[in-house]
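*Asks:* Fold the following.
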Amino acid sequence: MKCSEFLNELTNYLDGALDAQTKAELDGHLAWCHNCYVVCDTTRKTIEIYHNSELYELPDDLRTRLELAIMTKCSAHKKSEPPSS
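*Replies:* Numbering: from 1, shown residues only. Below is the predicted model of the structure:
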């Protein structure tokens, strides 16, 4: 199995939505491919962290400062880009 094939099946793998043979092939790939293992493990942990998270409403003053900082950064970035042809 190639890494690209593994990555195409990652969502189904993490959701447990694979037949036994495909799951076994993916497990085998993870056993020797460190890069895919890291991607899979990191994705799994990220899902676990955010699975039961509640949305946190930012205080208005923080939201305003954050929006201003983002807009300032974007504006500065646009000014530094070369003109498009």
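*Asks:* Not counting stretch 28-43 itself, show me its contacts.
*Replies:* 1, 3, 6-7, 10, 13-14 (Cβ atoms under 8 Å, 6 or more residues apart in numbering). The way it works is simple: take the backbone N, C-alpha and C, and place the C-beta from them, glycine included.
*Asks:* what's the pLDDT at the residue minimising distance to the centre of the chain?
*Replies:* Centroid-nearest residue in the chain, with Cα atoms, centre = their mean: Thr43, separated by 6.5 Å. For Thr43, the pLDDT comes out at 95.
*Asks:* Could you do Ala76 as well?
*Replies:* You'll see Ala76 listed with a pLDDT of 75.
*Asks:* can you check Pro83 too?
*Replies:* Pro83 carries a pLDDT score of 62 in this model.
*Asks:* how about Lys2, phi and psi?
*Replies:* phi -90, psi 160 (degrees, to the nearest 10).
*Asks:* Relative to Glu54, how far out is it?
*Replies:* 39 Å (Cβ to Cβ, to the nearest Å).
*Asks:* Comparing these two, which residue is more hemmed in?
*Replies:* Neighbour totals were compared for Lys2 and Glu54, and Lys2 leads with 10 against 5 (other Cβ atoms under 10 Å).
*Asks:* State the number of residues packed around the residue nearest to Glu25 when sequence neighbours are not counted.
*Replies:* Computed as Cβ to Cβ, 6 or more residues apart in numbering, the closest residue to Glu25 that is not its neighbour in sequence is Met1, at 5.4 Å. Residues contacting Met1 under the criterion other Cβ under 10 Å number 14.
*Asks:* quick one, what contacts Asp61?
*Replies:* Asp61 makes no contacts at all, as judged by Cβ under 8 Å, 6+ apart.
*Asks:* For it, pull up the helix or strand it's in.
*Replies:* helix 60-80 (DSSP states H and E).
*Asks:* which of the residues in that helix are buried?
*Replies:* Judged by neighbour count (16 or more other Cβ atoms under 10 Å), helix 60-80 contains no buried residues.
*Asks:* So what's the gap between that helix and the chain middle?
*Replies:* The chain centroid and the centroid of helix 60-80 are separated by 24 Å under Cα atoms, centre = their mean, to the nearest Å.
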